[in-house]
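Student: What follows is a predicted protein model with its sequence.
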Amino acid sequence: MVGYDPGRDVRRQGEVCVGERSAADRLLAVLAAFDHEHPALSLTDISRRAGLSLTTAHRLAAALTAWGALERDASGVYHVGLRLWEAAALAPRGLGLRQLALPYLEDLYEATHENVQLAVRDGAEVVYIEWLSGRSAVGVHIRVGGRWPLHATGVGLALLAHDTPDAQAEYCAGPLPAFTPYTITDPARLRRALAEVRRSGVAVSERQVTLDALSVAAPVRGPDGDVVAAVSVVVPQATAQVPALTPAVRLAARGISRALGWRPGRRER
């Protein structure tokens with residue numbers, strides 16, 4: 001739901017109803033009102049965040065609730081419904097990859113007993129499609145389906161580092177929001193970080209999202225050698241041993257890549 005901007009619906013000149021919002025736009029605006037920072041909304045909240053009148057928001061929320069895309073609790077607050085989660089779980093890019101990757105993610109977790117994550121890229125963000133965590137693992141601000149900007153996470157750096165030079169330049173020229181004082185916000189520093197990822201084969205993100213965490217990530221390749229995902233382990237920054245974690249993360253990424261059909265010696269980007 002994050003990433004859809006209902007205000008960006010700009011129609012070409014000469015089309016009917018220029019500037020108006022279609023019924024589909026309004027429905028998507030209601031769904032887009034929910035994100036990881038706003039998982040529960042009142043009807044007034046939905047109206048305000050979706051840019052809709054209270055009457056329209058009520059009508060659309062009722063329709064979405066009847067279908068199961070939203071759920072309404074006893075206090076009148078709305079949440080994302082299980083029906084929408086079921087539909088999202090069928091997304092082929094996440095479903096097949098997650099099923100193939102899970103044994104390797106479990107092995108990585110057993111080797112570290114720390115947070116283990118699998119993510120894919122969606123535009124300028126990573127989307128987490130699997131997450132394993134133990135009770136004693138460092139706290140992280142992620143969830144399955146959650147998103148973060150590429151430059152702020154280990155998995156994001158691993159994915160961006162293997163994109164085309166033009167795509168990297170475009171990302172580096174864009175906004176680089178900070179989440180801690182250690183988040184990379186300087187384009188030149190980001191370019192150097194991406195070059196180091198390509199050189200070493202792993203990405204290290206230290207205290208970029210939370211002050212107490214460090215992640216080590218490695219790219220996952222598809223049958224044609226292109227990077228299609230990234231796997232990472234997130235550990236307490238104060239006790240992190242990057243050289244000790246790197247082989248385990250690489251092994252997991254390599255295993256997932258092989259399961260996807262990649263073989264050593266094929267073209268890599």
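Tutor: Structure received.
Student: who's in contact with residue 178?
Tutor: Counting by CB atoms under 8 Å, 6 or more residues apart in numbering, residue 178 touches residue 185. Every residue, glycine included, has its C-beta placed from N, CA and C.
Student: And stretch 153-163, how far out from the chain middle?
Tutor: Chain-centre distance of stretch 153-163: 12 Å, with CA atoms, centre = their mean, to the nearest Å.
Student: May I have it as PDB, with CA atoms only?
Tutor: The C-alpha coordinates for stretch 153-163 follow below in PDB (Å, rounded to 0.1, in the frame of the first residue of the first chain):
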ATOM      1  CA  THR A 153      19.600  -1.000   4.400                       C
ATOM      2  CA  GLY A 154      22.100  -3.700   3.700                       C
ATOM      3  CA  VAL A 155      19.700  -5.500   1.300                       C
ATOM      4  CA  GLY A 156      19.000  -2.300  -0.500                       C
ATOM      5  CA  LEU A 157      22.600  -1.500  -1.000                       C
ATOM      6  CA  ALA A 158      23.200  -5.100  -2.300                       C
ATOM      7  CA  LEU A 159      20.400  -4.600  -4.800                       C
ATOM      8  CA  LEU A 160      21.300  -1.100  -5.900                       C
ATOM      9  CA  ALA A 161      25.000  -1.900  -6.300                       C
ATOM     10  CA  HIS A 162      24.200  -4.400  -9.100                       C
ATOM     11  CA  ASP A 163      21.800  -2.100 -11.100                       C
END
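Student: Going C-terminal from the lengthiest helix in the chain, what's the next secondary structure element?
Tutor: Among the elements of the chain assigned as helix by DSSP state H, the one spanning the most residues is helix 92-112. Remark: after helix 92-112, the chain's next helix or strand is strand 115-122, criterion DSSP states H and E.
Student: now what about the very next helix or strand once past that next one, what contacts it?
Tutor: Where DSSP H and E defines the elements, the next helix or strand beyond strand 115-122 is strand 125-132. With CB under 8 Å, 6+ apart as the test, strand 125-132 has contacts from 2-3, 94, 97-98, 101-102, 105-106, 109, 115-121, 142-150, 153, 155-156, 159, 229-230.
Student: For ChimeraX, write the selection for the buried entries among these.
Tutor: Applying 16 or more other CB atoms under 10 Å to the contacts of strand 125-132 leaves a buried subset, and the ChimeraX line that selects it is:
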select :2,94,97,98,101,105,109,115,116,117,118,119,120,121,142,144,145,146,147,148,149,150,153,155,156,159,229,230
